[in-house]
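Visitor: Turn this into a structure:
(chains A, B, C and D)
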Protein chains: 4
Amino acid sequence: MNVTVIGASGYAGAELIRILTNHKKCNMVHLVAKDSGNRTLGQIYPALAYAAGLKDQIVEDVGDLFCDQVFQEGKEGFIDDADLVFLALPHGASVPFVRQILAKGKKAIDLGADFRFRDVATYEQWYVKHEYPELCRDTVYGMVELNRERIKGQQFIANPGCYVTGATLALYPLIKEGLLDLQSIIIDSCSGVSGAGRGAKEVSLFAECNDNMKAYGVTSHRHTPEIEQNFSEVAGEDVTINFTPHLVPMDRGILTTAYATLNGKGRACDLEAVFQRYYGNEFFVRLLETGKMPETKWTQGTNFVYLGFTVDQRTNRVIVCTALDNLVKGAAGQAVQNMNLICGFDEREGLTMLPVYP
Amino acid sequence: MNVTVIGASGYAGAELIRILTNHKKCNMVHLVAKDSGNRTLGQIYPALAYAAGLKDQIVEDVGDLFCDQVFQEGKEGFIDDADLVFLALPHGASVPFVRQILAKGKKAIDLGADFRFRDVATYEQWYVKHEYPELCRDTVYGMVELNRERIKGQQFIANPGCYVTGATLALYPLIKEGLLDLQSIIIDSCSGVSGAGRGAKEVSLFAECNDNMKAYGVTSHRHTPEIEQNFSEVAGEDVTINFTPHLVPMDRGILTTAYATLNGKGRACDLEAVFQRYYGNEFFVRLLETGKMPETKWTQGTNFVYLGFTVDQRTNRVIVCTALDNLVKGAAGQAVQNMNLICGFDEREGLTMLPVYP
Amino acid sequence: MNVTVIGASGYAGAELIRILTNHKKCNMVHLVAKDSGNRTLGQIYPALAYAAGLKDQIVEDVGDLFCDQVFQEGKEGFIDDADLVFLALPHGASVPFVRQILAKGKKAIDLGADFRFRDVATYEQWYVKHEYPELCRDTVYGMVELNRERIKGQQFIANPGCYVTGATLALYPLIKEGLLDLQSIIIDSCSGVSGAGRGAKEVSLFAECNDNMKAYGVTSHRHTPEIEQNFSEVAGEDVTINFTPHLVPMDRGILTTAYATLNGKGRACDLEAVFQRYYGNEFFVRLLETGKMPETKWTQGTNFVYLGFTVDQRTNRVIVCTALDNLVKGAAGQAVQNMNLICGFDEREGLTMLPVYP
Amino acid sequence: MNVTVIGASGYAGAELIRILTNHKKCNMVHLVAKDSGNRTLGQIYPALAYAAGLKDQIVEDVGDLFCDQVFQEGKEGFIDDADLVFLALPHGASVPFVRQILAKGKKAIDLGADFRFRDVATYEQWYVKHEYPELCRDTVYGMVELNRERIKGQQFIANPGCYVTGATLALYPLIKEGLLDLQSIIIDSCSGVSGAGRGAKEVSLFAECNDNMKAYGVTSHRHTPEIEQNFSEVAGEDVTINFTPHLVPMDRGILTTAYATLNGKGRACDLEAVFQRYYGNEFFVRLLETGKMPETKWTQGTNFVYLGFTVDQRTNRVIVCTALDNLVKGAAGQAVQNMNLICGFDEREGLTMLPVYP
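Guide: Purely as a prediction, here's the structure:
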């Protein structure tokens, strides 16, 4: 199958290339990026390019992604030549591409936020005005472990946010089973710096981030409503949470520590069984024994999520920790998992990389 | 004034030496450590020793700190020569020294946990059996901002735990003012690796910690009851919390993110005034404007605590972040602050170092 | 083919497991380590074990590797069941195992230093007394790019040292072509901390290595005579060099900067052609355009070596930089490359992993 | 004495502020920077600003530093109010300021490269055309240990480059004593990322630099001719060297490994005496025992240089390692040392900070 990657110069784009290179069913026909200057992949990601035999592959420049010029000029080969297109773009930027891709009958997976919200008003409240609201309602949200059957066979998938994946997988089985006080949920997460992208910003400099950490976007981070959408859908009622992201000096990885009060409808000892029931057969979610907690480095370069939990009998709270690689299960890996599902491939194809440790 | 540092080979001990070297009222007469092999400070901490002119200073070996042999052998000069002794030892190890120091009429500040709990049963539940329980009840707990007047003039002070300092300063004013739902408190903290000490352990290796993070001691960390003791004392009733520490790849620094639900007795807009009232004149606690959040690197090498907070109107929770250097305000710096108070020195003496940034 | 890994609890052993798990021709029948306590791989390397489906695989304890007890007790299944054994042990420790393995007609690849030297006296001068000197002379040294044809079909291979691989590949083509002043060679290398192994030592602690670097083993590092052996063999005369290793705060990677004076027998502009002739068809050695220099992160988790060089017309020196992953091309990857050669497999089998970047 | 810092928003500027805040003879009257937007120091360097009591201090914007507009508009108060001005600007930017400062009879110390070269042609060959060549010849070069007596009482000093300081101090005593083969000198250096400044560049991002290292500017780095100027002046003849800088994932620190062949005019055992003679009374240069090598972290936040060396009897080469903090002894600290000398203050004033370790 022919695939195109739009946004190939960013970290998620690079990770898509890494995974797709070893995917048995895919042939990358075009790499595309905003302001790439038509440089080669060898110039943009030498490591990846040399190792993957893509040193001289052009990363096609599509200029200002927000305008329709690219289509007016007839430079649509990167869509026409593909059966499926991955979009790894900042929010807002995918819309014009998605219109064209779907109109041409191609499949697409959008790693950005634009089509993750069924309720356009929520998107517009936390992001910006939506330019393609009518597509939102019916777009299937690609959190595989939550939504697998609905994903299969779709033309278009909205790939979840990185923090959202760790937070949702941490608590949704307990919410689904009605075991939690829904007013009590707090999600405290820490991310490596690659989550901030490859853009040259002072706050992302080595000398600013190294040996340093901070909370940011407290009460205002845009992954908040996406986590709430997932929890609300599972709960069958509106759930409001606190979500606090932190920046930590590591390249990759998100550690989520989720807190919730048990509502007394289940015993603490039932929780392991619940998690086992939901995740026991999930290849990419690995349960730890009760009380053992995961480390982000275990997931480095892989599509795995590790989950550990403890119940505090003194406060009646459950604390669940998940670890994942924000660029893989939190972005490109989950996108390929979605591709595998909509295309009828083995769900694990291309995704069985082992972690690089240490 | 003559001071001795027991535990001079650990990181907190080294930090005491760094601070005391530039302290105008102190003269370090003895450096002492367990299993130091009577090596020089130049061999143990070359950087510190060369710069401080202490290259050939012997770090006296007191062998197995748990036995009384040192006293039987009459090697008590390190106590006799001092007016004040700092103890930076693992829990349990201070007891025999404290007995002797106090019996000899010397002042002491214990950086360990042994005398932090007024209720010996709590200590014994979370730590081990206590060998000197009768001293616990009346020992003054050296969290300066909480307890300044009681500290002045004391002979013996129990210096607070590193996490405890960040957690307590984050919330105690709001608790004191009766603004919080006391059942709702969650303390989520992240520490640099120096907090694990200089002991050679696999889990503290560079290749294990670098590019990695994890939660540890979830529901069981020994700083939990100490935070609870502080909050309970301030609240005038028993407070039970959740405390989750994490290990983060940085040398120094603790970032604490504290969550609590507002109980409706005060408006969100009052909180800034409360913090201002409690900390506006505290030299070592720096308030940030509402919504701004601190970074651990700001505190590197200093005795400052930075505090920022936000109220989430949607959930009615306040989120307070504090940042401090675990080896300074979280250990040696606060210990010197306590010394300054009990000895009648300027509270800031020796503690006005500016941060090394970046 | 059945393989056993002895030394499975170290970083090189873990890397062997990572590579062999995805190797199409290999079946790992035993994992063995000194003092493993018969723990599972899930306890020793959870990340690797979960992802590879080896969570409950026992890492068999062979006790004190320097004694022959293991054989006396008849616990030789880990050899008998294997067609080939990898040894990833400290120097000196392989000898009793190698004796038995070869006597039983099995193949072996030793990642340690014991059989790298054809001249036992050199080994004994830099290491310790050799317990199996008669095997040294004829053991083939497994630097593939130097020695490929001799390696094929061997029973036993001595795998090169990590620094040695980067240094040898940097200069051997120029030495072979007679272009260098052989008295002028200086090898300056920097390694990530995983090179120091997983042993719990104070000098390898995060807080000691982070934000720090130093030279070590200056004029005395044991890889010096191994580099000299390679250069001497290629030159046809004795070559003496300076080799200075440094420790750098990164998990993996060796960057080697090699300096040598051109002897006037070739023009500067010929060098690119020389490197092209030697490495143009080497899959695992990637030449950069003249003047471009490699980065260690490009090699993270891969078996690739990157090489860049520049000639300084002012001093008539060539400066060659190589980058590699010390645990892959510098250890486990090169060992598997050797296995592929002696067993007649495709040389690249199991070794085409792409780099994890960033 | 009143001082102004131009370039206060960069890392060297911040370090000047850190040092000057605790300097007993100085009063900072103006902080100035290009494109500062007249923000406060609290906005630019919160850590420093809060701790130093400079939260609301304006960092005055002088716009495009290359034009003379600032003078035309009469905004010269930042010069007029000062007795001495520090310039911490990119090369080329200091010239118009220096003209005015000197014309007004004020003292100045330029941390940039513009006035480091006595031979303008050398500057113009490696940098750009010089706009104030007539000042170059007589400007005194502020490498204190080399030039102390000439520095005293000057009006204007050119502060040395960071790499240059480590390289020059490593070898100049041996060159001065005529012990080295002057054709044989190789300087291999590694720097932390703060050396690249606070500019937002992709190559300086955390995710690009972390867990990574590389050589850069090989044979072309602009500190090469400055090292050569120093060595040539000391040798009394032209010295040409190789200098290779590397970027290493740490905030601060330069480790220099210098190689040179002994020319037989002195015995290896004389070297310690030579270094002792030159540096035994230098407060900021600390000699290690023969064979011991320094670590960059020892110098963190301090003005110290550590020097260790070894002679390789096999190759007749001396290997000298120096470690320093690139922002202190490599920039701001040495600048203050120069200020102390030209103003007749105690040379150590403001510079006795102890290292933050770990």
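Visitor: Could you pull up the residues touching residue A:341?
Guide: Contacts for residue A:341 were tallied using C-beta atoms under 8 Å, 6 or more residues apart in numbering or on different chains; they are A:144, A:148, A:151-152, A:347. Using the backbone N, CA and C atoms, a C-beta is placed for each residue, glycine as well.
Visitor: These into TSV, with extra columns for pLDDT and distance to chain D?
Guide: As requested, the contacts of residue A:341 are arranged in TSV below (pLDDT from 0 to 100; distance: C-beta to the nearest C-beta, whole Å):
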residue	pLDDT	distance to chain D
A:144	98	26
A:148	98	32
A:151	98	30
A:152	98	34
A:347	98	29
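Visitor: and the residue in the stretch 101-250 of chain A that chain C sits nearest to, which of the three is it?
Guide: In the stretch 101-250 of chain A, the residue found nearest to chain C is residue A:194; the distance is 5.3 Å by C-beta to the nearest C-beta. Recorded secondary structure, residue A:194: helix (DSSP: H, G, I helix; E, B strand; the rest coil).
Visitor: what's the distance between it and chain B?
Guide: Using C-beta to the nearest C-beta, to the nearest Å, one gets 11 Å for the distance from residue A:194 to chain B.
Visitor: That residue touches residue A:14, doesn't it?
Guide: No. The pair residue A:194 and residue A:14 does not pass the contact test of C-beta atoms under 8 Å, sitting 9.8 Å apart.
Visitor: Show me which residues of the stretch 251-358 of chain A are close to chain B?
Guide: A:251-253, A:255, A:257, A:259, A:291, A:293-297, A:300, A:310-312, A:314-315, A:317, A:319, A:321, A:323, A:358 (C-beta under 8 Å from any C-beta of the partner chain).
Visitor: Those: which ones sit near chain D?
Guide: The residues of these that also fall near chain D, by C-beta under 8 Å from any C-beta, are residue A:251.
Visitor: Return the subset of the residues of the stretch 251-358 of chain A next to chain B lying in strands.
Guide: When these are checked against strands (DSSP state E), the matches are A:255, A:257, A:259, A:310-312, A:317, A:319, A:321, A:323.
Visitor: before we move on, back to that, of the residues of the stretch 251-358 of chain A next to chain B, which count as buried by neighbour count?
Guide: With neighbours counted using 16 or more other C-beta atoms under 10 Å in any protein chain shown, these contain these buried positions: A:251-253, A:255, A:257, A:259, A:293-297, A:300, A:310-312, A:315, A:317, A:319, A:321, A:323, A:358.
Visitor: So which of those reach chain C?
Guide: Among these, proximity to chain C is found for A:251-252, A:295, A:297, A:300, A:358 (C-beta under 8 Å from any C-beta).
Visitor: number of nearby residues for residue A:277?
Guide: The tally of other residues near residue A:277 (other C-beta atoms under 10 Å in any protein chain shown) stands at 11.
Visitor: just residue A:46 next, same as before
Guide: Residue A:46: 21 surrounding residues under other C-beta under 10 Å.
Visitor: nearest residue to it other than its sequence neighbours?
Guide: Setting aside the residues directly before and after it, residue A:46 is nearest to residue C:298 in space (C-beta to C-beta, 6 or more residues apart in numbering or on different chains), at 6.1 Å.
Visitor: so which of the ones in strands among the residues of the stretch 251-358 of chain A next to chain B comes closest to chain C?
Guide: Top of the list for closeness to chain C, among these and by C-beta to the nearest C-beta, is residue A:323 at 9.6 Å.
Visitor: if I look at the residue nearest to the closest one when sequence neighbours are not counted, how far off is residue C:215?
Guide: Ranked by C-beta to C-beta, 6+ apart and with sequence neighbours excluded, the top spatial neighbour of residue A:323 is residue A:294, at 3.9 Å. To residue C:215, residue A:294 is 37 Å away according to C-beta to C-beta, to the nearest Å.
Visitor: how about the residues of chain A near chain C?
Guide: Taking C-beta under 8 Å from any C-beta as the criterion, the contact residues of chain A with chain C come out as A:11, A:14, A:18, A:21-22, A:45-48, A:50-52, A:194, A:210-211, A:251-252, A:286, A:295, A:297-302, A:304, A:306, A:352-358.
Visitor: can you rerun that using 7 Å?
Guide: By the criterion of C-beta under 7 Å from any C-beta of the partner chain, the positions of chain A lying close to chain C are A:11, A:14, A:18, A:21-22, A:45-48, A:50-52, A:194, A:211, A:251, A:286, A:297-298, A:300-302, A:304, A:354-358.
Visitor: Ramachandran angles for the closest residue in space to residue A:131 that isn't next to it in sequence?
Guide: Closest residue to residue A:131 in three dimensions, ignoring its sequence neighbours and counting by C-beta to C-beta, 6+ apart: residue A:95, at 4.7 Å. Note on residue A:95: its backbone torsions stand at phi -50, psi -60 [degrees, to the nearest 10].
Visitor: Surely residue A:95 and residue A:133 touch.
Guide: No. Using C-beta atoms under 7 Å, residue A:95 makes no contact with residue A:133, being 10.0 Å away.
Visitor: which of the two has more neighbours?
Guide: In this comparison of residue A:95 against residue A:133, neighbours counted by other C-beta under 10 Å, the higher total goes to residue A:95 at 21 against 15.
Visitor: and the stretch 251-358 of chain A, which of its residues are near chain D?
Guide: The interface of the stretch 251-358 of chain A toward chain D, taken as C-beta under 7 Å from any C-beta, is made up of residue A:251.
Visitor: What is the burial count for the residue of the stretch 251-358 of chain A found nearest chain C?
Guide: Of all residues in the stretch 251-358 of chain A, residue A:298 sits closest to chain C, with a separation of 3.3 Å (C-beta to the nearest C-beta). For residue A:298, the count of nearby residues is 26 (other C-beta under 10 Å).
Visitor: In contact with it, which residues are there?
Guide: Residue A:298 sits next to A:306, A:323, A:355, A:357, C:46-47 when contact means C-beta atoms under 7 Å, 6 or more residues apart in numbering or on different chains.
Visitor: Equivalent analysis for residue A:31, please.
Guide: Going by C-beta under 7 Å, 6+ apart, residue A:31 touches A:5, A:8, A:17, A:41, A:57, A:59-60.
Visitor: For it, which non-adjacent residue is closest in space?
Guide: Distances taken as C-beta to C-beta, 6+ apart put residue A:8 closest to residue A:31, at 3.9 Å, once the chain neighbours are dropped.
Visitor: which other residues reach the helix or strand in which residue A:261 is found?
Guide: With elements delineated by DSSP states H and E, residue A:261 resides in strand A:254-261, which encompasses its position. Surrounding strand A:254-261, the residues in contact under the criterion C-beta under 7 Å, 6+ apart are A:162-163, A:166-167, A:170-171, A:174, A:180-181, A:184-191, A:296, A:316-324, A:326, A:330, B:186, B:188, B:213-215, B:242, B:244, B:246.
Visitor: so what strands line up beside it?
Guide: Strands adjacent to strand A:254-261 in the sheet, as given by DSSP bridges, are strand A:186-191 (antiparallel), strand A:317-324 (antiparallel).
Visitor: For those, could you give me a markdown table that also reports mean pLDDT?
Guide: Shown next, in a markdown table, are the strands paired with strand A:254-261 (pLDDT from 0 to 100):
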| stretch | mean pLDDT |
| --- | --- |
| strand A:186-191 | 98 |
| strand A:317-324 | 98 |
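Visitor: who in the stretch 1-150 of chain A is up against chain B?
Guide: Residues of the stretch 1-150 of chain A lying near chain B (C-beta under 7 Å from any C-beta): none found.
Visitor: Flag the shaky bits of the stretch 1-150 of chain A, pLDDT-wise.
Guide: In the predicted model, the stretch 1-150 of chain A carries pLDDT under 70 at residues A:64-70.
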